[in-house]
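compute the structure for the input listed below.
(chains A and B)
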Amino acid sequence: MSRIIVVTSGKGGVGKTTTSAAMGMGLAKKGHKTAVIDFDVGLRNLDLILGCERRVVYDFVNIINGEATLNQALIKDKRCDKLYILPASQTRDKDALTLDGVEKVLEELKESFDYIICDSPAGIERGAHLAMYFADDAFIVTNPEVSSVRDSDRMLGILSSKSKRAENNETPIKEYLLLSRYNPARVKLGEMLSVEDVQEILSLDLLGVVPESKAVLNASNSGTPVILDEASDAGKAYADIVSRYLGEEVPQRFIYEKKKGLFGRLFRG
Amino acid sequence: MSLLEYFKSTKPNSAKIAKERLQILVSHERSARNKPDYLPALQKELLNVIKKYVQVDQKDISINYESDEKQETLELNIILPDNL
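You can find the predicted model right below:
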């Protein structure tokens, strides 16, 4: 049984594409055949984050319009043969994606893929609606910041009323909180909402916390999903998140400030 | 400022303010979310109908919608003028 995952947030710039790329690579590396789809028509970026921007020939809209087959448009990742990318179109026509077209592509992907990750655009317009409509699971990417939390809550309302599962009165979409750009030091100082605060406001199950990390920009600079930077904190956080999503018991990390040892205290101040 | 006060005065906890603001806002938005979107139009039309018979003002009519697991309630409240 394949699962369709939507990575969404409402607000832009919180880490949806970073998360989609990392989760896609993480699931693929665990042996699950995974496709990551960019739903941001006109503002394609997933290809860049995954480092395959120069291999894009056909895109999502080409398939819907019958100008290419799914196999022609899917890009196989060079680092992991279980990972495939379906790039968004750069067309300016916002109506290029249709509900029927998206459904057909997803149905075809379900025949051979274990996980299909839909990278949602920001906002609550057509692209975001189509990205979440057919989802089984939703990763709500949220920053510990007022506007992001508010937009996430708005998105939760949309997931519970406008999705296919909601419209057909099926089991609701399983929603998970993914708190990114977290800074435990600032939380301790009372300058940033804590994990507990955000969980309390949104009443969501926590899939994991991704700390604010230099590794994220470094990874995007080179077109490598940050999960492949295994030594980095963000890389480790995403690896944990993948394991947790797959049902493994992994204790939460990166929520509290690392206690400095005696030497750390003496020499790093 | 005495020395004691200096040590007592801590920086305002902005995360706490953020949490309080969000809790109020989110609960308000959630309650609005479940309301049918025809309410404002319904209110306007009702006002016009009632105005044919009694002189009332927009502020004298309030429509309240509530729903729980068992039932949905549409409450209409009209304040009639005193000099009927």
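
you'd agree A:Glu103 is in a strand?
No. A:Glu103: not assigned to a strand; according to DSSP: H, G, I helix; E, B strand; the rest coil it is helix.

ok, now which ones touch A:Tyr176?
A:Asp137, A:Ala138, A:Phe139, A:Ile140, A:Leu204, A:Asp205, A:Leu206, A:Leu207, A:Tyr245 (CB atoms under 8 Å, 6 or more residues apart in numbering or on different chains). For the C-beta atoms, the positions are set from N, CA and C on the backbone; glycine is no exception.

ok, now with 10 Å
A:5, A:137-141, A:204-208, A:241, A:244-245 (CB atoms under 10 Å, 6 or more residues apart in numbering or on different chains).

same question for B:Ile24.
B:Ile24 touches nothing, counting by CB under 10 Å, 6+ apart.

can you verify it is assigned to a strand?
No. B:Ile24: not assigned to a strand; according to three-state DSSP it is helix.

sorry, back to before: and the contacts of A:Tyr176, which are buried?
Among the contacts of A:Tyr176, those classed as buried by 16 or more other CB atoms under 10 Å in any protein chain shown are A:5, A:137-141, A:204, A:206-208, A:241, A:244-245.

among the residues you listed, name the ones in helices.
Using DSSP state H to define helices, the subset of the buried ones among the contacts of A:Tyr176 located there is A:Ile241, A:Arg244, A:Tyr245.

the last one against A:Asp137, yeah?
Which is A:Tyr245. Yes. The criterion here is CB atoms under 10 Å, and A:Tyr245 meets it with A:Asp137 at 8.0 Å.

what touches both of those two?
A:Arg3, A:Ile5, A:Tyr115, A:Tyr176, A:Leu207.

what's near enough to touch the first one?
Contacts for A:Arg3 (CB under 10 Å, 6+ apart) come out as A:27, A:32, A:110, A:113-117, A:135-137, A:174, A:245.

can you tell me the SS state at B:Leu76?
The local conformation at B:Leu76, judged by three-state DSSP, is strand.

list the beta-bridge partners for it.
B:Ile63 (DSSP bridges).

check what pLDDT B:Glu72 gets.
Reported pLDDT at B:Glu72 in the predicted model: 81.

roughly how far apart are the residue of the stretch 101-250 of chain A found nearest chain B and B:Ile17?
Taking CB to the nearest CB, chain B has its nearest neighbour within the stretch 101-250 of chain A at A:Gly190, 3.7 Å off. Remark: distance between A:Gly190 and B:Ile17 (CB to CB, to the nearest Å) = 10 Å.

and the residue in chain B positioned nearest to chain A, how many neighbours does it have?
Closest to chain A within chain B is B:Asn13: 3.7 Å, counting by CB to the nearest CB. Using other CB atoms under 10 Å in any protein chain shown, B:Asn13 has 12 neighbouring residues.

A:Arg186 is in contact with that one, correct?
No. In this structure B:Asn13 lies outside contact range of A:Arg186 using CB under 10 Å: 11.6 Å.

tell me the contacts of the nearest residue to A:Glu170 once chain neighbours are set aside?
Leaving aside its chain neighbours, A:Glu170 sits nearest to A:Lys164 (7.7 Å; criterion: CB to CB, 6 or more residues apart in numbering or on different chains). A:Lys164 makes contact with A:Ile4, A:Leu99, A:Glu103, A:Met132, A:Tyr133, A:Phe134, A:Ala135, A:Asp136, A:Glu170, A:Ile173, according to CB under 10 Å, 6+ apart.

follow-up on the earlier one: who has more neighbours out of A:Gly190 and B:Ile17?
Between A:Gly190 and B:Ile17, counted using other CB under 10 Å, the more crowded position is A:Gly190 (17 against 12).

and the more buried one, what element?
Following DSSP states H and E, one finds A:Gly190 outside all helices and strands.

relative to the strand ranked longest in chain A, what are the paired strands and their orientations?
Longest strand in chain A, counting residues (DSSP state E): strand A:174-182. Within its sheet, strand A:174-182 is paired with strand A:137-142 (parallel), strand A:205-211 (parallel), according to DSSP bridges.

save the ones you listed as JSON lines, and put in mean pLDDT too.
Formatted as JSON lines, these follow (pLDDT from 0 to 100):
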{"stretch": "strand A:137-142", "mean pLDDT": "97"}
{"stretch": "strand A:205-211", "mean pLDDT": "96"}
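
looking at these, spot the one closest to B:Ser27.
strand A:137-142 (17.5 Å; CB to CB).

which one of the ones in helices among the buried ones among the contacts of A:Tyr176 is nearest A:Gly51?
A:Ile241 (20.8 Å).

how about the closest one, nearest residue that isn't a chain neighbour?
A:Ile241 sits nearest to A:Gly208 (CB to CB, 6+ apart), 3.9 Å away.

contacts only, for that neighbour.
Contacts of A:Gly208 by CB under 10 Å, 6+ apart are A:139, A:176-180, A:182, A:195, A:237-245, A:250, A:252-255.

ranges for the helices of the chain?
Picked chain A for this. For chain A, the helices defined by DSSP H occupy A:16-29, A:46-49, A:60-64, A:70-73, A:99-112, A:126-133, A:146-162, A:164-167, A:184-188, A:195-202, A:214-222, A:233-245, A:262-268.

that answer is for a different chain, and I need it for chain B
Using DSSP H, helices in chain B cover B:3-8, B:14-33, B:39-51.

return the most buried member of those.
helix B:14-33 (a mean of 14; mean count of other CB atoms under 10 Å in any protein chain shown).

from the chain's centre, how far out does that one sit?
Relative to the chain's own centre, helix B:14-33 is displaced by 14 Å; criterion: CA atoms, centre = their mean, to the nearest Å.
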